[in-house]
Each structure stands twice: as structure tokens, then as C-alpha cells.
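*Asks:* sequence and predicted structure below; questions after.
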Amino acid sequence: MTPSPEHDSIRQRLYAIAVGHERVQHQMGELGDQLAEVLSELANGANVDAHHAGDFGISRREAEILNRIVQGQTNADIARELWITEKTVKNHVNSIYGKLRAHSRAEAIAVWIGLREAG
């Protein structure tokens with residue numbers, strides 16, 4: 001299974017912002033500093049804090065899956081690494097979308113990392 005254009009676009013944007021954080025910082029001031037720090041951590045494999053999941057009613061497993069989505073993994077990648085079926089990953093992703101009131105991976109990521117509010 002090949003990554004979707006949306007998946008590639010998200011990964012490219014996160015990487016571009018993470019490695020180009022000086023431009024972000026310059027253009028956005030303090031908010032840019034915070035955003036660049038979060039995106040750099042995420043690009044290097046960091047996870048959003050587990051306590052954040054409770055804000056949305058996200059289960060521990062859903063948080064684990066969502067953190068992997070933020071890192072740019074596909075459903076197939078996630079299934080393989082977590083030893084679950086791709087269908088199970090899809091079920092979790094649909095549940096995540098509902099809880100975050102998101103309609104796409106990009107929206108879910110934006111809510112999860114705090115770039116926008118749910119809904």
C-alpha cells in the first residue's frame with residue numbers, strides 16, 4: 001500500500017517546518033518558537049503526552065495510534081508494528097476522528113498537537 005498524497009503532504013509539511021524552524025520563529029515570534037519546538041519533537045519521534053488523551057476521551061491505544069499517525073505512519077505500518085490487523089487500525093482511526101471531530105488525518109493531527117480546537 002502506497003502512502004496517499006495527503007499523507008505525503010502532511011509528512012513534508014511537518015518536516016519542512018521542523019527543519020526550517022528559524023523561519024517559523026522569525027515570522028511568528030513566541031508562538032513560532034513553541035510550534036517549532038513541538039514539531040521538531042514530533043518529527044524526531046516524540047509522542048504527545050498521554051494525559052492529553054483524556055481531554056478528548058481518547059483511549060491509551062488510540063493515543064498510541066494517533067501518535068504514530070502524527071509521525072507519518074500508514075495504517076499498514078501501524079498494524080504491523082502493533083501486531084494488530086489493518087482493519088483494527090482503521091476502526092481506531094474512525095473512533096479517533098469522531099472523538100476529535102475531525103474528517104481527515106490532517107485535521108486529527110492539527111487537533112492532537114494543539115494547532116486547532118476540535119470541531
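*Replies:* Arrived safely. The model shown is predicted, which means the values in this text are computed figures rather than measured ones.
*Asks:* in this structure, which spans are helices?
*Replies:* Remark: helices assigned in the chain by DSSP state H are 5-19, 21-43, 60-70, 75-82, 86-100, 105-112.
*Asks:* can you show me the CA trace of stretch 60-72 as PDB?
*Replies:* Provided in PDB are the C-alpha atoms of stretch 60-72 (Å, rounded to 0.1, in the frame of the first residue of the first chain):
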ATOM      1  CA  ARG A  60      -4.400   4.700  25.600                       C
ATOM      2  CA  ARG A  61      -4.400   2.500  22.400                       C
ATOM      3  CA  GLU A  62      -6.000   5.300  20.300                       C
ATOM      4  CA  ALA A  63      -3.400   7.700  21.600                       C
ATOM      5  CA  GLU A  64      -0.600   5.300  20.600                       C
ATOM      6  CA  ILE A  65      -2.100   5.000  17.100                       C
ATOM      7  CA  LEU A  66      -2.600   8.800  16.800                       C
ATOM      8  CA  ASN A  67       1.000   9.500  17.800                       C
ATOM      9  CA  ARG A  68       2.100   7.100  15.100                       C
ATOM     10  CA  ILE A  69      -0.200   8.900  12.600                       C
ATOM     11  CA  VAL A  70       1.500  12.200  13.600                       C
ATOM     12  CA  GLN A  71       4.800  10.600  12.800                       C
ATOM     13  CA  GLY A  72       3.600   9.800   9.300                       C
END
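*Asks:* so what's residue 105 scoring on pLDDT?
*Replies:* Looking at residue 105, its pLDDT stands at 90.
*Asks:* number of nearby residues for it?
*Replies:* A count of neighbours around residue 105, defined by other Cβ atoms under 10 Å, yields 22. Any C-beta I mention is one placed from the backbone N, CA and C, and that applies to glycine too.
*Asks:* which residues touch the residue lying closest to it once chain neighbours are set aside?
*Replies:* Leaving aside its chain neighbours, residue 105 sits nearest to residue 69 (5.8 Å; criterion: Cβ to Cβ, 6 or more residues apart in numbering). Contacts for residue 69 were tallied using Cβ atoms under 8 Å, 6 or more residues apart in numbering; they are 78, 93, 105, 108, 109.
*Asks:* my guess is the fourth one meets residue 96, correct?
*Replies:* Yes - look at residue 108 against residue 96 with Cβ atoms under 8 Å: they come within range, at 5.9 Å.
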